[in-house]
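>>> Provide a 3D model corresponding to the input given below.
(one chain, ligands or ions: 1)
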Amino acid sequence: MDKGTRTKIQHYGEDYSKFLGAISPPIFEASNFAFSSYEEVEEHQEGKLKDKFTYTRGGNPTVRILENKIAMLEKGDACRAFSSGMGAITASILSLIKGGDHIVCLRGVYNPAYEFIDSYLSRFNVSSSFVEGKDLSDIESAIRPNTRVIYLESPNSLIFEVFDLREIARMARERGIYTIIDNTWATPYFQNPIEYGIDVVVHSASKYLGGHSDVVAGLVITSKELIKGVSRELNLIGSIIGPFEAWLILRGLRSLPSRMELHQNNAMKVAQYLENHPRVIKVNYPGLPSNPQHQLAISQLRGFSGLMSFELDGGEKELRKFVNNLKLFAIAVSWGGYESLIFPTGRGFPKDRKDKVKISPQLLRISVGLEDAEDLIEDLENAFKKAFD
Ligand SMILES: *Cc1c(COP(=O)(O)O)cnc(C)c1O
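Below is the predicted model:
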């Protein structure tokens with residue numbers, strides 16, 4: 001991370017004097033904010049009062065602290081916070097398209113985003129193409145005269161493929177096409193896609209940014225120009241974050257650097273252990289030097305988070321025993337919290353996706369938490385023994 005970023009996470013945008021010296025910013029649990037006079041209403045309507053809050057759907061002081069801090073962290077001009085990652089994803093896409101447009105999307109993206117682009121938007125005459133995308137020509141050949149947006153996730157959160165962001169952004173800009181990336185896996189601590197020319201960054205803050213498995217929220221970061229459309233979607237569709245949820249993300253952010261370093265250390269140990277296990281066919285983790293995309297990964301990521309997947313060399317019976325015998329890994333969806341999780345992702349993977357993503361039924365996704373790596377490995381070792389006895 002750039003010099004000073006940890007300091008900025010703690011101090012950027014905090015002004016204790018505004019809030020009676022409170023070190024932790026207050027939660028402004030208020031729906032509306034009074035004007036001091038008729039004249040102030042006039043000034044506001046004339047657009048002269050930039051920092052005046054009126055109604056929490058349009059802006060809230062606690063939420064604003066979060067938005068300013070995240071915009072700084074992602075190196076964008078501005079940020080808007082949402083009630084969920086999906087709220088952020090749908091608003092950012094909607095802000096850039098109209099009926100008749102076309103979207104190119106990577107096949108391995110988060111499933112509800114895939115579904116939104118594929119089947120939901122087709123109701124509004126927005127068409128889409130899904131591509132593998134590791135080869136730039138794949139994306140290029142899917143582009144049509146009406147292509148408006150390329151939607152990306154890198155690394156993706158299924159099999160952790162990495163895509164060349166500099167190349168994709170350059171190719172898109174040459175053609176006047178906007179790029180949106182889901183940067184949830186890397187967090188702004190490990191990757192800033194705006195530096196590579198990507199136009200819009202979205203996050204599910206429910207994962208590492210919140211970090212404590214106690215809040216659902218989303219974020220969009222982009223330029224001064226494009227944030228206007230995002231704010232309009234937020235205001236009209238109304239998927240706003242609550243002030244308390246914004247405060248929880250702010251609280252989680254304080255420890256983001258320390259947590260991410262520990263997630264990375266633990267994940268590397270677990271990935272290496274799994275890679276060397278005779279009952280593991282394949283580990284999907286771009287942090288491993290043996291990963292075929294490791295060179296590309298280190299050219300655009302400063303580090304690696306704690307989510308990975310692997311294929312177990314066994315049938316349904318072994319899979320079931322393995323998962324049921326883990327004691328420290330809870331069986332749960334989502335990820336990015338302090339605790340380790342496992343989920344049989346391959347089992348539930350939607351069969352109706354048009355893509356050719358090869359998701360093995362033996363694919364298990366694990367979120368490596370902040371426990372002692374040795375304990376996690378011991379837990380895995382024990383589950384392997386029970387499953388293959
Ligand atoms: C969880 C997730 C989302 C959606 O976020 P919500 O906060 O659950 O709406 C989007 N992208 C990725 C990669 C995710 O893991």
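>>> in what helix or strand does residue 334 lie?
In this assignment (DSSP states H and E), residue 334 forms part of neither any helix nor any strand.
>>> OK, contacts around it?
Residue 334 makes contact with 206-207, 213, 341, 367, according to Cβ atoms under 8 Å, 6 or more residues apart in numbering. Quick note: C-beta positions are derived from backbone N, CA and C, even for glycine.
>>> nearest to the ligand, of these?
Among those, residue 206 lies closest to the ligand (Cβ to the nearest ligand atom), at 3.7 Å.
>>> so what's the residue nearest to the closest one when sequence neighbours are not counted up against?
Of all residues not flanking residue 206 in the chain, residue 216 sits nearest, at 4.6 Å (Cβ to Cβ, 6 or more residues apart in numbering). By Cβ under 8 Å, 6+ apart, the contact list for residue 216 reads 83-85, 206, 245.
>>> helix, strand or coil: sort out the residue lying closest to residue 157 once chain neighbours are set aside for me.
Once flanking residues are discounted, residue 157 sits nearest to residue 185: 5.4 Å by Cβ to Cβ, 6+ apart. Following DSSP: H, G, I helix; E, B strand; the rest coil, we place residue 185 in the coil state.
>>> wait, what's in contact with residue 185?
Applying Cβ under 8 Å, 6+ apart to residue 185 gives the contacts 153, 155-157, 160, 207, 305, 307.
>>> so how do I select the buried members of the residues you listed in PyMOL?
Filtering the contacts of residue 185 down to the buried ones (16 or more other Cβ atoms under 10 Å) takes a single PyMOL command:
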select buried, resi 153+155+156+157+160+207+305+307
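>>> now the contacts of residue 185 as JSON lines including distance to residue 388, pLDDT and secondary structure?
Formatted as JSON lines, those follow (distance: Cβ to Cβ, whole Å; pLDDT from 0 to 100; DSSP: H, G, I helix; E, B strand; the rest coil):
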{"residue": "153", "distance to residue 388": "34", "pLDDT": "98", "secondary structure": "strand"}
{"residue": "155", "distance to residue 388": "30", "pLDDT": "98", "secondary structure": "coil"}
{"residue": "156", "distance to residue 388": "30", "pLDDT": "96", "secondary structure": "coil"}
{"residue": "157", "distance to residue 388": "28", "pLDDT": "93", "secondary structure": "coil"}
{"residue": "160", "distance to residue 388": "25", "pLDDT": "97", "secondary structure": "coil"}
{"residue": "207", "distance to residue 388": "32", "pLDDT": "98", "secondary structure": "coil"}
{"residue": "305", "distance to residue 388": "29", "pLDDT": "98", "secondary structure": "coil"}
{"residue": "307", "distance to residue 388": "25", "pLDDT": "98", "secondary structure": "strand"}
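>>> of the contacts of residue 185, which are in range of the ligand?
Near the ligand, judged by Cβ under 6 Å from any ligand atom, the entries from the contacts of residue 185 are 153, 157, 207.
>>> and the first one, how far from residue 73?
As for residue 153, its distance to residue 73 is 19 Å (criterion: Cβ to Cβ, to the nearest Å).
>>> go on, residue 32?
Distance, residue 32 to residue 73, by Cβ to Cβ: 30 Å.
>>> between the two, point out the one with more neighbours.
Per other Cβ atoms under 10 Å, whichever of residue 32 and residue 73 has more neighbours is residue 73, with 23 against 10.
>>> residues contacting that one?
With contact set as Cβ under 8 Å, 6+ apart, residue 73 has these partners: 5, 8-9, 188-189.
>>> most surrounded residue in these?
Neighbour counts for the contacts of residue 73 (other Cβ under 10 Å) peak at residue 188, which has 29 neighbours.
>>> looks to me like it is in a strand.
No: with three-state DSSP as the criterion, residue 188 is located in helix rather than a strand.
>>> packing partners of the worst-scoring helix or strand of the chain on mean pLDDT?
Ranked by mean pLDDT, DSSP states H and E, the weakest helix or strand in the chain is helix 345-348, scoring a mean of 84. For helix 345-348, the helices and strands in contact under the criterion 3 or more Cβ pairs under 8 Å, 6 or more residues apart in numbering; DSSP states H and E are strand 363-367.
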